[in-house]
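> Here you go, sequence then predicted model.
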Amino acid sequence: MITQMSIYIESESALDHIFGVCSTDQIKEFASEKRAFRIHGHSTSIRLERAFWNVLEAMTAEMKITMPELITRIHDQCMVANDKNMASCLRVICVKYMNVYS
């Protein structure tokens, strides 16, 4: 039997609550980080906030694949819909992953 736990939020909105958990300890999550990859033999670099790299790292661990394999797989599937911005595709994948698997 699964029981649901309610979360009491004292602030006026969910956004206020989110801002409340954004402490200086978590400031690194907002910093962007650039990583280089080879996708089908072509060198590319992608700049994402550390929070997104953390989600992608969790995905690689769960799927038991490397980051370059994940990036290539996302590139091959998602760039059909958005052929101009790989970073944008990765951010959307991260949000969808968090919505479904968290």
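All right, it came through fine.
> Give the helix, strand or coil label for residue 46.
Classification of residue 46 using DSSP: H, G, I helix; E, B strand; the rest coil returns strand.
> roughly how far apart are it and residue 94?
Going from residue 46 to residue 94 by C-beta to C-beta, to the nearest Å gives 12 Å. The way it works is simple: take the backbone N, C-alpha and C, and place the C-beta from them, glycine included.
> before we move on, what about residue 101?
11 Å.
> How about residue 68?
Separation of residue 68 from residue 94 (C-beta to C-beta): 17 Å.
> dump the residue contacts of the residue lying closest to residue 55 once chain neighbours are set aside.
Using C-beta to C-beta, 6 or more residues apart in numbering and skipping the chain neighbours, the partner closest in space to residue 55 is residue 94 (4.1 Å). Shown in contact with residue 94 (C-beta atoms under 8 Å, 6 or more residues apart in numbering): 52, 55, 56.
> Any chance of those residues in CSV with pLDDT, neighbour count and secondary structure as columns?
Compiled in CSV, the contacts of residue 94 are given as follows (pLDDT from 0 to 100; neighbours: other C-beta atoms under 10 Å; DSSP: H, G, I helix; E, B strand; the rest coil):
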residue, pLDDT, neighbour count, secondary structure
52, 96, 21, helix
55, 96, 18, helix
56, 97, 20, helix
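> buried set for the lengthiest helix in the chain?
Secondary structure assigned by DSSP state H gives helix 86-101 as the longest helix of the chain. For helix 86-101, the neighbour count (16 or more other C-beta atoms under 10 Å) marks 86, 89, 90, 91, 93, 94 as buried.
> How far off centre is that helix?
5 Å (C-alpha atoms, centre = their mean, to the nearest Å).
> try stretch 42-54
9 Å.
> repeat for stretch 88-102
Counting by C-alpha atoms, centre = their mean, stretch 88-102 comes out at 6 Å from the chain centroid.
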